[in-house]
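Undergrad: Got a sequence here, can you build the structure:
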Amino acid sequence: MVRSLPPRGTGPEAGAARADHGPTHRTHSRRSPRRRSVAAFPVLPVLPALPLLPALLVLRVLCVLLVLGTLAYSAWLLELPLDTGLDPVQSYVSELAATDQRLSGFFRTTDLVAGALVLAAALIALGTLERRFWAVTGWVALAVFGAATAVDSRLPLSCAPTADAECVAREDAGLVPGTHVAHAVSSSLAMAGAVTAVVALTVAARRYGWWPPLARTGPVLVALELAATAWTLVAVAAFEAERGHWALGAAQRAQLLLVAVWLLVLARSLARGAEGRRR
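TA: Got it, this is the predicted structure:
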């Protein structure tokens, strides 16, 4: 009697083989929605020691501080509806806060508030966000910008040299307060810090995969900021050499406006980071 053989792949030997080698079909693991959303947001350079809720709070606080600081820093835009008596194409923005100007107190106060808020944001970022070279460089530069802006507000000019020939004569004769020289130093330090922060944090966003809005928009803002800074420096040199204004006021206002736009983009990037981390 011929015994029929069991079909191939059945019987105890096949079962043992399957037990040894496991299932023959490939299983596909799926990422959970939480993991997928975090991977889609490479914008969370928060120190891993921070739990979720404190990390969210840090990002939101940074966003609020930067937005409020930017609004205060942009208070000079109110010169457009207000009658300041200064030509925005030719005058320094800091001349709005000169002690002989009608709205001096207001503009000095907004500069102080702006500097304090940006300084606070930079210090919080340095203490809580991931520390990499370009990021640390950028946040330190932003802290310098904020501190110098606050100090600048306490060292106002006594007059407006671009609008007052007598003020220029007093400066040349050394008859103005020492705050004129100190103001020039603090203003230069503030702008150097701002430009450095714009460049360094934009590089950080692109190199480390952080803050997509800043990574996309930052390079254009960097190029425009450097061009406006070069224009401002050339115009200042021309004015100091008594060769005209070269639209000094317009150049400086473009420079400041670009810094403000960049700060808002940075704040938006941090806000997106908070949204991504929450999901």
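Undergrad: Distance of residue 111 relative to residue 55?
TA: Distance, residue 111 to residue 55, using CB to CB, to the nearest Å: 31 Å. Glycine gets a C-beta too; all of them are placed from N, C-alpha and C.
Undergrad: residue boundaries of the strands in the stretch 1-150 of the chain?
TA: Using DSSP state E, counting those that start in this stretch, the stretch 1-150 of the chain contains no strands.
Undergrad: Output the below-cut-off pLDDT ranges for it.
TA: Applying pLDDT under 70 to the stretch 1-150 of the chain picks out residues 1-53.
Undergrad: Go again with 80.
TA: 1-55 (pLDDT under 80).
Undergrad: quick one: contacts for the nearest residue to residue 70 once chain neighbours are set aside?
TA: Take residue 70 and drop its neighbours on the chain: the residue closest to it by CB to CB, 6 or more residues apart in numbering is residue 263, 4.4 Å away. Residues near residue 263 by CB atoms under 8 Å, 6 or more residues apart in numbering: 66, 69, 70, 73, 118.
Undergrad: Let's see that with 10 Å instead.
TA: 66-67, 69-71, 73-74, 114, 118, 121, 142, 145, 194, 197-198 (CB atoms under 10 Å, 6 or more residues apart in numbering).
Undergrad: Likewise for residue 261?
TA: Taking CB under 10 Å, 6+ apart as the test, what residue 261 contacts is 70, 74, 217, 221, 224, 225.
Undergrad: Helices along the protein, start to end?
TA: All helices of the chain, identified by DSSP state H, fall at 11-21, 33-39, 52-73, 104-128, 133-153, 165-173, 179-207, 212-240, 248-278.
Undergrad: Could you count how many residues lie near the residue lying closest to residue 202 once chain neighbours are set aside?
TA: Residue nearest to residue 202 in three dimensions, not counting chain neighbours: residue 218, with 3.3 Å by CB to CB, 6+ apart. Residue 218: 24 surrounding residues under other CB atoms under 10 Å.
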